[in-house]
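In: the sequence and its predicted three-dimensional model are supplied below.
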Amino acid sequence: MINTLKIFCLSSLFLFSCEKVIEVDLNDEEEKIVIEGIVVSGEEEHLVKISKTIKIGDTGTFPFVDNAQVTLWDSEGNNQVLTYFSEGVYKTVDFLGVEGRTYTLEVNWNGNTYTAHSTIPNQVKIDSLTLEEFGFGSDKYYYPVPRRMDTPNVKNYYLFKLYQNSERVEGIYLQDDQYSDGVEILQPIFGGEFKSEDTLSIEMNCIDNNVYKYFFALAQNGGGTGGSIPANPKNNFSGNCLGYFSAQTKEVKTLIIP
């Protein structure tokens, strides 16, 4: 479970300033399937994790689903049934993710079918990774700035993951280009407390609008980084399930803070 959640939009450093609040329902007692699937441009192995919710008040891990049929299609007519790997994880073999293609994920389980669609956006590349320094008393902290030129006349949505000395920094970090279309983006990502000599890594994913809205709602409702979804924001699946399906780009930059 996330302890601190921050979303920063390009228009402002204030939380949730560039979108209206998305209302979400709290968990209920009904057991639901949780599907978390990602297709990455340029990669051939894609993973889908499937689990089930537990009732409110119960403790322990979320049970894995190991008997689902999982199929992936792309808009060019290619398809593949995913192979079960372990701990609720299913994966493709030699199924290339391509920018601009729409992908369809179908999960059949317990007599129900769940289907989602997502399109890989054209990738916006990070030109350089720099640092913004902030001082708090005698302490100095650094925050990453993934400098990049936003694509003009195209709605761009960005999801970031931060790593401090190879450890994932908790939080959901999003940006969009509502007020920064077609210009160089110099917006810091305010997450973690990076200090001198830390190794800082940032992963930037270009995502589609539906996935952006999902993570926006998840952050407001106290969602986490990894594990099963503790709440049920509106997702891009048909059928009564939790989770999301994202076809996206991926780029990682790393530096050591002086």
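Out: Here it is on my side, so go on.
In: looking at this protein, which strand is longest?
Out: strand 139-149 (DSSP state E).
In: where along the stretch 151-258 of the chain do the strands fall?
Out: 157-164, 167-168, 173-176, 184-185, 199-207, 237-238, 242-248, 251-256 (DSSP state E, counting those that start in this stretch).
In: quick one, which of those strands is packed in tightest?
Out: Mean neighbour count (mean count of other Cβ atoms under 10 Å) peaks for strand 242-248 among the strands of the stretch 151-258 of the chain, with a mean of 25. For every residue, glycine as well, the C-beta is placed using N, CA and C.
In: now it against strand 199-207, angle please.
Out: 90 degrees (axes from the mean of the first three to the mean of the last three Cα atoms, to 10 degrees).
In: for the stretch 151-258 of the chain, which spans come out with low pLDDT?
Out: 222-232 (pLDDT under 70).
In: quick check: the residue lying closest to Asp150 once chain neighbours are set aside vs Asn112, distance?
Out: Counting by Cβ to Cβ, 6 or more residues apart in numbering, Asp150 lies nearest to Asp177, which is 4.8 Å off, once chain neighbours are set aside. Distance of Asp177 to Asn112, given as Cβ to Cβ, to the nearest Å: 37 Å.
In: of the two, who's got more company?
Out: Asp177 (22 against 12; other Cβ atoms under 10 Å).
In: quick one, what contacts that one?
Out: Asp177 is in contact with Leu10, Asp150, Lys155, Asn156, Ile185, counting by Cβ atoms under 8 Å, 6 or more residues apart in numbering.
In: try Tyr163
Out: Per Cβ under 8 Å, 6+ apart, neighbours of Tyr163: Val169, Thr199, Leu200, Ser201, Ile202, Glu203.
In: roughly how far does the fifth one sit from Gly192?
Out: Counting by Cβ to Cβ, the gap from Ile202 to Gly192 is 10 Å.
In: what is in contact with the two at once?
Out: Joint contacts of Ile202 and Gly192 (Cβ under 8 Å, 6+ apart) are Leu162.
In: most neighbours among the contacts of Asp177, please name it.
Out: Busiest of the contacts of Asp177 [other Cβ under 10 Å] is Asn156, holding 24 neighbours.
In: isn't that residue up against Gln178?
Out: No - the pair Asn156 and Gln178 does not pass the contact test of Cβ atoms under 8 Å, sitting 9.7 Å apart.
In: what ranges do the strands span in the stretch 1-150 of the chain?
Out: Going by DSSP E, counting those that start in this stretch, the stretch 1-150 of the chain shows strands at 33-40, 47-52, 69-74, 79-81, 83-86, 89-91, 102-109, 112-119, 128-136, 139-149.
In: nearest to Gly239, of the ones you listed?
Out: For the strands of the stretch 1-150 of the chain, the distance to Gly239 is smallest for strand 112-119, at 3.9 Å, taking Cβ to Cβ.
In: and the closest one, how far out from the chain's middle?
Out: Its chain's average C-alpha position is 17 Å from that of strand 112-119, according to Cα atoms, centre = their mean, to the nearest Å.
In: what of stretch 194-203?
Out: On Cα atoms, centre = their mean, the centre of stretch 194-203 falls 20 Å from that of its chain.
In: and for stretch 131-146?
Out: Relative to its parent chain, stretch 131-146 has a centroid offset of 25 Å by Cα atoms, centre = their mean.
In: bridge partners for Leu47, pull those for me.
Out: Beta-bridge partners for Leu47, by DSSP bridges, are Ile38, Lys91.
In: typed the wrong thing, it's Tyr163
Out: Residues in beta-bridge contact with Tyr163 (DSSP bridges): Arg168, Ser201.
In: distance-wise, check Leu162 relative to Asn221.
Out: When Leu162 is compared with Asn221 (using Cβ to Cβ), they lie 21 Å apart.
In: weakest of the strands of the stretch 1-150 of the chain in terms of mean pLDDT?
Out: Mean pLDDT per stretch puts strand 128-136 lowest among the strands of the stretch 1-150 of the chain, at a mean of 92.
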